[in-house]
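Q: Sequence and predicted model, in that order:
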Number of protein chains: 2
Amino acid sequence: MQIIRPRTLSGFMELLPEKQIKMERMMAVLRQVYERYGFAPLDTPIIEDAQILLAKGGGETEKQIYRFQKGDSDLALRFDLTVPLAKYVALHEQELAFPFRRYQIGKVYRGERSQRGRFREFYQADIDIIGDGTLDVLNEAEIPAIIYQVFRRFGLTRFQIRVNNRKLLSGFYTMLGLGEKSGDIMRTVDKLDKLGPEKISALLQDDLGLTGDQAAEILRFTAISGGNEEVLSALENYRGRDEGFDRGLEELNTVTRNLAAFGVPEANFAVDLSIARGLDYYTGTVYETFLLDHPEIGSVCSGGRYDDLAGYYTTRKLPGVGISIGLTRLFYILDEQGLLSDALPSAPADVLVLPMTDSPAPAITLAEALRAQGLRVQLYTEPKKFKQKMRYADALRVPFAVLLGEDELAQGKCSVKNMTTGEQVLLTPEAAAVHIQKALAALDGPIILEK
Amino acid sequence: MQIIRPRTLSGFMELLPEKQIKMERMMAVLRQVYERYGFAPLDTPIIEDAQILLAKGGGETEKQIYRFQKGDSDLALRFDLTVPLAKYVALHEQELAFPFRRYQIGKVYRGERSQRGRFREFYQADIDIIGDGTLDVLNEAEIPAIIYQVFRRFGLTRFQIRVNNRKLLSGFYTMLGLGEKSGDIMRTVDKLDKLGPEKISALLQDDLGLTGDQAAEILRFTAISGGNEEVLSALENYRGRDEGFDRGLEELNTVTRNLAAFGVPEANFAVDLSIARGLDYYTGTVYETFLLDHPEIGSVCSGGRYDDLAGYYTTRKLPGVGISIGLTRLFYILDEQGLLSDALPSAPADVLVLPMTDSPAPAITLAEALRAQGLRVQLYTEPKKFKQKMRYADALRVPFAVLLGEDELAQGKCSVKNMTTGEQVLLTPEAAAVHIQKALAALDGPIILEK
């Protein structure tokens, strides 16, 4: 038989078991937190009608999309989870109860130029709350609480959710007589942390035709900083000059003032007037999230309020608010930087049971008894030498090996070997389960390390 | 804006929240049982190099595969989880510890002719154990234990795992002088439950050129029935006439005799000589699983032993054993037949908190307190009339609504309304959490109904 060299396409993440278990652990946190806030799981097809996915059309999307024919059908792979959500909500608008809250953790596809750390297949982990006609601003206050819970559950403390409001920004630009250039200005200001104030000032003047004074005014506004109360009270000075600004300020106040009730500490949340988000899509509160010790990663969780989710597919007005985590990229960077904790068990089993009796039956019974106690147990059945069995246990990095020989069997016990410390104790199966569970519980700690 | 009619491609399952939650519950069982037996989660790309996926080539696969160009690349979507596993194992053979046990629950793609109950995108839920050079037969005995746990955890009792051995079948055909036609005979006998013995006899004679006596002999053999011990002892009569047969019989004995230790009751397991499996691939134990009250569904979990997983990609011999559940089809049929229990909560939240105080802060704090107790809680923030709020709670089918008005607040309590019984009690937040959790625990029951 001719051998074909096995390979995985570049830009497609495929992990070894140990790393996959770390990835699954992050996904489990996301699922649990999202469910804790009443979001329904959603699973939409990866393939959709290309016309539907490209309803908005144009730009990078159209260039990067995976699109192909099958029979007469013009098909494409989804490039985000938002367009499929819009389609889903429009298609099922009669069957869904609004507000509709859904989470989706799924793969999306973009045929980007291949480069290190860029993926063509990657997971997004999204939540959105969709209202029917209206959606109360309190939903926008709840989103930072969910982000906070996710990153706390990852084990982090040094992160900050930065929030701004696009009505406030537009209103401010209107005060400067620049209302019509709002979108362009926001897209430019969005690059502030990458390019710095001087470049942004130049771009505002050269590309958008602002005066030096206007650019300076915008940068001064953007730079207002301090504690949340300080920033909010500085903003009061602009009140009464533009209706949109005033509404944005109200919203920002509501979001900020309810955060304590949601349990988000001041340290993890900042009103930041430089947050703009690139997408035109957003119409109110916008969010970005930064790991304070790793600003180079950029925002790890972003989103915002939008007024019309599904305008391409229905005349019904469906405003919403949502956030997205680029999970594959986040995982890749954390792994690269050695920030994924190795202290948590990353073996596929908690226990490797090694039968050393003539009949395998007692070891099988023992393995089933340990499983019934909730342990993940692999039975090692290969007729290898003891040394090789232990080498296998080491390679898997199982925290415990349980040995069952004729001696142990005669006593109704088994030998429990802690593979990290080397310590070995003789215990009944029931005591062994308790012993192992206690040791595993003691391993609990952060999933992601802070430096 | 021009409205594009939203639609989902036919042959692609997209569920409403209530059904999706039922699907997720089945997936959670699969993940948990698979992990309990020490299988590592695996996630491979949905897109692979077409050359790799089609290494085996030919047949239905090549016709049904989704294949397309992107730039210079000849790409295709995976049509099962076995070929990607073979590639993965061959690619990472130096980094994996063998036996390598992995589970994968993922979408696969086949461009089948569209028809009711046939899906073009569907989930498979697979486990495989891959050895390096050899793999002990005890692994084949463990597989029925895993199938048993899965279906028990689904809530079923009336199911049967049917097992046979292809060495035994080949050996028997060799005794009849039909060794070279083994594969063809098995593929024909595999259709026995669909076509019945007369048609099979005709096919064996007309298509494969067997004599009437040979066909009759095969059907007599296939029909050997009774308790497992009876079948096994009937098979003893053939021992000593063919080496392959004898080895197959040994394996069947090992698998059967260890099942009690694995905790599988006799009632859920049968040696069935009519099980052949269509694929050439299998070389030893083969499995099928039937719901006894729904034979029309066919096998819901099938698999077997194979000797060479990755021969297209590596010269290393990697024997294995595995099973696959066609999850999407199984879910679809169970749902169609009304066999997915409605008694388990299928709402995205356990509790809907309805704030009825001037400030939302107390309700936010209450919702967070209930979440901290592990409950899934949605805060209802829309400024709607009470009646509309309750209608929303009904539409979501949340089991509990928690009302917080000024009265309750003054007493440090909240009103907990059981949405099923209508019963309403006034409790502290701590007592409310306990009350709700107790009621939810009482709902525990089967995921799948037995009619």
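A: That came through, no problem.
Q: CA only for contacts and neighbour counts going forward, please
A: Will do.
Q: Out of the helices and strands in chain A, which is least certain?
A: helix A:59-64 (a mean of 83; mean pLDDT, DSSP states H and E).
Q: May I see the buried residues of the helix or strand A:Phe68 falls within?
A: Assigned by DSSP states H and E, A:Phe68 falls within strand A:67-70. For strand A:67-70, a neighbour-count test (16 or more other C-alpha atoms under 10 Å in any protein chain shown) marks A:Arg67, A:Phe68 as buried.
Q: Just give the strands next to the helix or strand following that strand in its sheet, each with its orientation.
A: Using DSSP H and E, the helix or strand that follows strand A:67-70 towards the C-terminus is strand A:73-77. Sheet pairing of strand A:73-77 (DSSP bridges) gives strand A:47-49 (antiparallel), strand A:67-70 (antiparallel).
Q: mind putting those in TSV, mean pLDDT and distance to A:Lys384 included?
A: Formatted as TSV, the strands paired with strand A:73-77 follow (pLDDT from 0 to 100; distance: least, C-alpha to C-alpha, whole Å):
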stretch	mean pLDDT	distance to A:Lys384
strand A:47-49	98	47
strand A:67-70	94	50
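Q: I'd like those strands laid out as CSV, including distance to B:Leu210.
A: CSV is the format used below for the strands paired with strand A:73-77 (distance: least, C-alpha to C-alpha, whole Å):
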stretch, distance to B:Leu210
strand A:47-49, 47
strand A:67-70, 42
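Q: Where does the most centrally placed residue in chain A sit: helix, strand or coil?
A: Nearest to the mean C-alpha position of chain A, by C-alpha atoms, centre = their mean, lies A:Ile325 at 3.3 Å. Three-state call for A:Ile325 (DSSP: H, G, I helix; E, B strand; the rest coil): strand.
Q: For chain B, see how far away it is.
A: 19 Å (C-alpha to the nearest C-alpha, to the nearest Å).
Q: I'd say that residue and A:Ser299 touch.
A: No - using C-alpha atoms under 8 Å, A:Ile325 makes no contact with A:Ser299, being 9.1 Å away.
Q: On the pLDDT front, check A:Gly278 for me.
A: In this model, A:Gly278 is scored at 68, pLDDT.
Q: Sorry, slip of the keys, the one I care about is A:Met1.
A: 67.
Q: Same check on A:Gly58?
A: 69.
Q: Which of the helices or strands spans A:Ala347?
A: Applying DSSP H and E, one finds A:Ala347 in no helix or strand.
Q: and what of A:Gln104?
A: Going by DSSP H and E, A:Gln104 is in strand A:100-109.
Q: Who are the packing partners of that strand?
A: strand A:40-41, strand A:121-130 (3 or more C-alpha pairs under 8 Å, 6 or more residues apart in numbering or on different chains; DSSP states H and E).
Q: okay if I get those as CSV plus distance to B:Leu318, mean neighbour count and mean pLDDT?
A: Output for these, formatted as CSV (distance: least, C-alpha to C-alpha, whole Å; neighbours: other C-alpha atoms under 10 Å in any protein chain shown; pLDDT from 0 to 100):
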stretch, distance to B:Leu318, mean neighbour count, mean pLDDT
strand A:40-41, 38, 24, 98
strand A:121-130, 29, 24, 98
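Q: So for B:Pro6, which of those sits nearest?
A: strand A:121-130 (17.0 Å; C-alpha to C-alpha).
Q: just the angle between that closest one and strand A:100-109, please?
A: Relative orientation of strand A:121-130 and strand A:100-109, computed by axes from the mean of the first three to the mean of the last three C-alpha atoms, to 10 degrees: 160 degrees.
Q: Give me the contact list for strand A:121-130.
A: A:11-13, A:30, A:34, A:39, A:80-81, A:98-110, A:139, A:309, A:318-329, B:45 (C-alpha atoms under 8 Å, 6 or more residues apart in numbering or on different chains).
Q: Past it, which element shows up next along the chain?
A: Following strand A:121-130 in sequence, per DSSP H and E, is helix A:138-153.
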